[in-house]
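*Asks:* Predicted model and sequence below, questions to follow.
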Amino acid sequence: MHKNKRISDSTYVWKEGMAGWVAFLEAEELALQHEKIKPAPSAPLQSTVSTQNAEPSLQPFAPVNSDISFSLEKDKSSAPGNEILEKAMDLSGLNEMPGEGTCPSCGYYLGSALTCIRCGARSKKYIPLRIIKIITLLGSVFGLIFLLFAARAKQPEDVKIGEIDVMMNGALVRVEGTVSLYEEKPDMNAFKLKVDDGTGEIMVNAYNKLDAFYEFFGEKNMPGLGDKIAVVGSINETEKFGVSLSLNLPERLEILKKFSPTRVQLGNISSKSIGDIMLIRASITSMKSRTLKSGSKLYSLMLDDGTGQLEMTLFDAAMQSLKPDMQKKLLSKQGEFEMLIKIGEYNGNLQANLADPRSLKFFEPEKTVEPELPTETSLEPVVTETTAPAAGSSENEGAEP
């Protein structure tokens, strides 16, 4: 075996026991028996047999424990030698395409190396591993961008609230309905609203998104009670809170129609108005409060607008959602208040609930101005000066001297 000389790309190496080793011995024996081929220094077919402490030998049966390797160099100038070499290569399988990442000469695994560390032969110039990594990375990036655009372009499925079940947990859906409840939690930067589409109701929660929604919609265009909206959100079902919808982006809430409430008088409210949302303006004649078992307070207010009276309940959460100055005005029971209320029923009596705390407006009480009565003044005689007529005038005729 060559030890002090680099094996070229055209050199093929076989070791003892391999198929190429046996094929080479058979090819060598056939070459010696061939009449037209005579061994010569310039022959294209050369063989080298090396053993430990022994001279080179071409015997087909070599010692088993000896370290023997053969090298064949291909010379295109000799046709018979080429035929024998091709036969040896066919028997050894070297004419077949080697596996990717293996040495084309000895079959040793190379990976990304260009030179075989076992025999020194040059490997095929496959695509470098660095290029494969770059292509893989770019493909992943473009794939994620494509998935992002595909997810934005895909419209979620429209569903009815009554059709939502456990199997839809985590699904992205779109629901349309009327806002039947609206509450804000400024301390948590969150708000929630309840949507009713006629088949059921579902709570929509937006955690830590209140400022983002105000910035997107503006204070006057925020969704409110009675508005018809369309919401795209993820279904979230828990054992404690039941089924709800998570709203993460302001763009996923669309106001289809704003609610324009009509102002009514308390005397016109009847049992047919249960469930309706209406606008009233009334004063507070009395207020009571009691503490519940949970520790929160429940306020009971009596409203009066001159045409009738109606009791309204106000929970502590709704009271705390009001601004401090509005709370003081409400507790003072002075002036008039305009608000959106929702008519309900409790123990057979009509009852009002503050539908939207943002709709509460305060009006200063009107000051009555009494007319000023005229006061008595002393009457003094009016003295007018008269001038005496001239002498000889007709007015002095017949007058006594």
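*Replies:* Nice, thanks for sending it over.

*Asks:* only C-alpha atoms for contact and neighbour calcs from this point on.
*Replies:* OK.

*Asks:* Assign residue 184 to helix, strand or coil.
*Replies:* The three-state label given to residue 184 by DSSP: H, G, I helix; E, B strand; the rest coil is strand.

*Asks:* Can you get me a residue count around it?
*Replies:* 20 (other CA atoms under 10 Å).

*Asks:* What's the separation between the closest residue to it other than its chain neighbours and residue 246?
*Replies:* Using CA to CA, 6 or more residues apart in numbering and skipping the chain neighbours, the partner closest in space to residue 184 is residue 191 (4.2 Å). Residue 191 is 11 Å from residue 246, where distance means CA to CA, to the nearest Å.

*Asks:* try residue 162
*Replies:* In terms of CA to CA, residue 162 sits 17 Å off from residue 246.

*Asks:* Equivalent analysis for residue 279, please.
*Replies:* 30 Å.

*Asks:* ditto for residue 138
*Replies:* Where residue 246 is concerned, residue 138 sits at a distance of 34 Å (CA to CA).

*Asks:* neighbour-wise, which of these two wins?
*Replies:* The residue with more neighbours, out of residue 138 and residue 246, is residue 246; 19 against 12, by other CA under 10 Å.

*Asks:* separation between the more buried one and residue 185?
*Replies:* Distance from residue 246 to residue 185, by CA to CA: 16 Å.

*Asks:* same check, this time on residue 334
*Replies:* Applying CA to CA to residue 334 and residue 185 gives a distance of 27 Å.

*Asks:* With residue 310 instead?
*Replies:* In terms of CA to CA, residue 310 sits 28 Å off from residue 185.

*Asks:* Among these two, which residue is more densely surrounded?
*Replies:* Per other CA under 10 Å, whichever of residue 310 and residue 185 has more neighbours is residue 310, with 19 against 16.

*Asks:* Tell me the helix or strand right after the lengthiest helix in the chain.
*Replies:* Ranked by number of residues, the top helix in the chain under DSSP state H is helix 129-153. Following helix 129-153 in sequence order, the next helix or strand is strand 157-158 (DSSP states H and E).

*Asks:* Strand partners (parallel or antiparallel) of that next one?
*Replies:* In the sheet, strand 157-158 lines up against strand 172-185 (parallel) (DSSP bridges).

*Asks:* what's the model's confidence in the strand it pairs with, averaged?
*Replies:* When pLDDT is averaged along strand 172-185, the result is 90.

*Asks:* quick thing: my sequence starts at 608, can you match it?
*Replies:* I'll keep to 608 as the first residue from here, and by that count the last item is strand 779-792.

*Asks:* Need the CA coordinates for that strand. CSV is fine.
*Replies:* Coordinates of each C-alpha in strand 779-792 appear next as CSV, following Å, rounded to 0.1, in the frame of the first residue of the first chain:
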residue,chain,number,x,y,z
LEU,A,779,-61.5,31.0,16.3
VAL,A,780,-65.1,31.9,15.4
ARG,A,781,-67.1,35.0,14.5
VAL,A,782,-70.4,35.8,16.2
GLU,A,783,-72.9,38.6,15.6
GLY,A,784,-75.4,40.0,18.1
THR,A,785,-76.6,42.8,20.3
VAL,A,786,-74.6,44.0,23.3
SER,A,787,-76.8,43.3,26.3
LEU,A,788,-74.1,44.1,29.0
TYR,A,789,-71.1,46.3,29.1
GLU,A,790,-68.7,46.7,32.0
GLU,A,791,-65.3,48.4,32.3
LYS,A,792,-62.5,47.7,34.8
